[in-house]
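>>> whatever this is, show me its structure:
(2 chains)
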Amino acid sequence: MIRLENVTKNFPGGVQALKDVTIEIEDGDFVVIVGMSGAGKSTMLRCINRLVEPTSGLIYIDGADITKVKGNDLRKVRAKIGMIFQTFNLVKRSSVLKNVLSGRLGRTPTWRALLGLFPESDIELAIQCLDKVEIRDKALVRADQLSGGQQQRVSIARALCQEPDIILADEPVASLDPPTSHVVMRDLKRINRELGITTLVNLHFIDLATEYADRIIGLREGELVFDGPASEVDEKTFAEIYGRPIREDDLRGGVVEDSSTDELAGSGAYSD
Amino acid sequence: MLTVTSRSTLAEMKAQQNKGLLARHPWHFALLVFALVYGWSFMRLGVDPIMFLKGFPQMGGLLRRMWPPDWAYIPAMIGPLAETAQMALLGTTFGGILAVPTVLMAARNVNSNRGIYLAARTVMNFIRTIPDILLAALFVPVLGVGPLAGAAALTLFSFGIICKLSSESIEAIDPGPLEAMDAVGSGKLSQIAFAVVPQILPQFTAHVLYVLEINVRVAGILGMVGAGGIGMWLNTSMAIFQYRKAAAIILMFFVSVMLIDYASRKLRERLI
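Sure thing, here's the model as predicted:
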């Protein structure tokens, strides 16, 4: 369980990105955080893995206060939290496999990492993770040879390779076209269902939010303005969260591609 | 009522900006400063086109005395020429090796420790202020007359240039992978190995090769202060008026520089 308690973040220069946010996320939930750009979605996500230090308030993960952990303890916390970025954040000149293996760096001794000597089991795990996002055959290709959708799936595989309890996805589809957006959202949802990984996704597309979320959290100017199951949300709710009427560009559109690979991929790494 | 053309309005607007004379006419002042600086330089150096033209035939005289080069002298100079190239090679290599940690410490996006950052910057900038020939002159008393002093001087010289070129490349790398490695809980060195090195390696190698090209030329003259290589032989043959031997040395040197430049350029083209 993730618990944010009165979390506030002030950036230098007087921008208040989060205002006294208190929220609890249950294990295994698929939560979508909506709000306009600048509403504090990204800051909230980054507080959970401490890429952003909250100004005040407390953050608990599974009952442990992680607000002030440092050094190796912070690395251990982060190792259990996968993160997916809008711009994928892959090392473009490295192979797909090496990118996925970098998900193991939180648990790999430095000398092994420097020599590139990952245990055989890690390499197997990385390949299984690529399998889960259906791009196993790209393992030895350079990351910059892939399309945007494929690159985002590599970054999902990197997160999976951490064997995480939590996945944070910060606008994972903002750089993708509508059909690919659905493929990536579907992958995230499937992984959440299959492996029970608590998943928090920042989105500004309201149709994607209602389609994929179990629960929707709305932020406006750093404040929590909505929290409820996706089934309770309609256009009026979004208009309230956004503080303005809903427009065409708040929708991603597009449909899920028909895919024969929808069934659950091999579960070896996570079956225990 | 007074009618104002758009032109006078602009002038009025500029006047209303309430700037000083200098701020209103920046180009006039820049030209004035250039004229003063150049005028002073010309007077100081006694630049005299007529003297330049009159002196030209003397250069022709020197070239006549050099021709034909003393071909028989070439075999004897192979050793010193090889020594020159070896000085350049070793200097570039060790300079490159020393530059790696320094450049990483001197990049704000990689090293967040302000003290170490400033120390690395200071070392880098200080070494870069020392001219190559002065470095050689400083090493000759320490390491004795000979190529070792030259190689040591070239090591520091290469270090300075490689640091300068590469630290700019490092600060321009894609920050995304760095953030991603932070998020997986990677340690600093693993982060460098996975997110920085692959991004910087092609440019770094190109910089090292470029510095090798410069070093071959510099190594050719370091002999004049006793730091080994072919420069010492060139200096001697000129001093004792054996111009045909000097010509042979210059020609050999010229051909080697061209070959090394060509090979290096081809390699660099393949890298980027």
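
>>> how about the residues of chain B that lie near chain A?
B:174, B:176-177, B:179-187, B:189-191, B:193-195, B:198-199, B:201-202 (CB under 8 Å from any CB of the partner chain). Using the backbone N, CA and C atoms, a C-beta is placed for each residue, glycine as well.

>>> show me the residues you listed that map onto helices.
Here DSSP state H is the test, and these give B:176-177, B:179-183, B:189-191, B:198-199, B:201-202 as lying in helices.

>>> let's see the ChimeraX selection covering just the buried ones among those residues.
To isolate the buried members of these in ChimeraX, using 16 or more other CB atoms under 10 Å in any protein chain shown:
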select /B:176,177,179,180,181,182,183,190,191,198,199
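
>>> and the ones in helices among the residues of chain B next to chain A as JSON lines, adding distance to B:Leu148 and pLDDT?
JSON lines is the format used below for these (distance: CB to CB, whole Å; pLDDT from 0 to 100):
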{"residue": "B:Gly176", "distance to B:Leu148": "45", "pLDDT": "96"}
{"residue": "B:Pro177", "distance to B:Leu148": "41", "pLDDT": "96"}
{"residue": "B:Glu179", "distance to B:Leu148": "45", "pLDDT": "96"}
{"residue": "B:Ala180", "distance to B:Leu148": "45", "pLDDT": "97"}
{"residue": "B:Met181", "distance to B:Leu148": "41", "pLDDT": "97"}
{"residue": "B:Asp182", "distance to B:Leu148": "44", "pLDDT": "96"}
{"residue": "B:Ala183", "distance to B:Leu148": "48", "pLDDT": "97"}
{"residue": "B:Leu189", "distance to B:Leu148": "33", "pLDDT": "94"}
{"residue": "B:Ser190", "distance to B:Leu148": "37", "pLDDT": "95"}
{"residue": "B:Gln191", "distance to B:Leu148": "38", "pLDDT": "95"}
{"residue": "B:Pro198", "distance to B:Leu148": "35", "pLDDT": "94"}
{"residue": "B:Gln199", "distance to B:Leu148": "36", "pLDDT": "94"}
{"residue": "B:Leu201", "distance to B:Leu148": "30", "pLDDT": "92"}
{"residue": "B:Pro202", "distance to B:Leu148": "32", "pLDDT": "91"}
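
>>> B:Leu90 touches B:Ala152, doesn't it?
No: B:Leu90 is beyond contact range of B:Ala152, at 9.1 Å (criterion: CB atoms under 8 Å).

>>> count of neighbours near the residue in the stretch 151-272 of chain A positioned nearest to chain B?
Nearest residue of the stretch 151-272 of chain A to chain B: A:Gln162, at 5.9 Å (CB to the nearest CB). A count of nearby residues for A:Gln162, using other CB atoms under 10 Å in any protein chain shown, gives 27.

>>> check A:Glu240 too.
Neighbours of A:Glu240 using other CB under 10 Å come to 13.

>>> in terms of helices and strands, where is it?
Assessed by DSSP states H and E, A:Glu240 sits inside helix A:235-242.

>>> counting by contacts, list what that helix packs against.
Helices and strands touching helix A:235-242, by 3 or more CB pairs under 8 Å, 6 or more residues apart in numbering or on different chains; DSSP states H and E, are strand A:215-220, strand A:223-229.

>>> what about it, average pLDDT?
Helix A:235-242 shows a mean pLDDT of 88 in the predicted model.

>>> then stretch A:112-127?
Stretch A:112-127 carries an average pLDDT of 94.

>>> tell me the contacts of the residue of the stretch 51-200 of chain A found nearest chain B?
The stretch 51-200 of chain A approaches chain B most closely through A:Gly106 (2.9 Å), counting by CB to the nearest CB. By CB atoms under 8 Å, 6 or more residues apart in numbering or on different chains, the contact list for A:Gly106 reads A:75-76, A:78-79, A:162, B:184-186.

>>> how are the helices of the chain distributed by residue range?
No chain was given, so I picked chain A. In chain A, the helices defined using DSSP H lie at A:41-48, A:71-79, A:96-101, A:110-115, A:120-132, A:148-161, A:178-195, A:206-212, A:235-242.

>>> to clarify, I was referring to chain B.
Using DSSP H, helices in chain B cover B:6-16, B:21-24, B:26-45, B:49-66, B:74-105, B:114-129, B:132-143, B:147-171, B:176-183, B:188-191, B:197-222, B:231-239, B:243-271.

>>> kindly export stretch A:221-235 (C-alpha atoms) in PDB.
Taking Å, rounded to 0.1, in the frame of the first residue of the first chain, the C-alpha atoms of stretch A:221-235 are listed here in PDB:
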ATOM      1  CA  GLU A 221      -3.200  23.300  -9.300                       C
ATOM      2  CA  GLY A 222      -1.600  20.800  -6.900                       C
ATOM      3  CA  GLU A 223      -4.800  20.000  -5.000                       C
ATOM      4  CA  LEU A 224      -6.700  16.700  -4.900                       C
ATOM      5  CA  VAL A 225     -10.000  17.600  -6.400                       C
ATOM      6  CA  PHE A 226     -11.400  14.100  -7.300                       C
ATOM      7  CA  ASP A 227     -11.000  10.600  -6.100                       C
ATOM      8  CA  GLY A 228     -13.300   7.800  -7.100                       C
ATOM      9  CA  PRO A 229     -13.800   4.700  -9.200                       C
ATOM     10  CA  ALA A 230     -13.600   5.100 -13.000                       C
ATOM     11  CA  SER A 231     -17.200   4.100 -13.300                       C
ATOM     12  CA  GLU A 232     -18.400   7.200 -11.500                       C
ATOM     13  CA  VAL A 233     -16.600   9.600 -13.800                       C
ATOM     14  CA  ASP A 234     -18.300  11.400 -16.600                       C
ATOM     15  CA  GLU A 235     -17.500  14.400 -18.700                       C
END
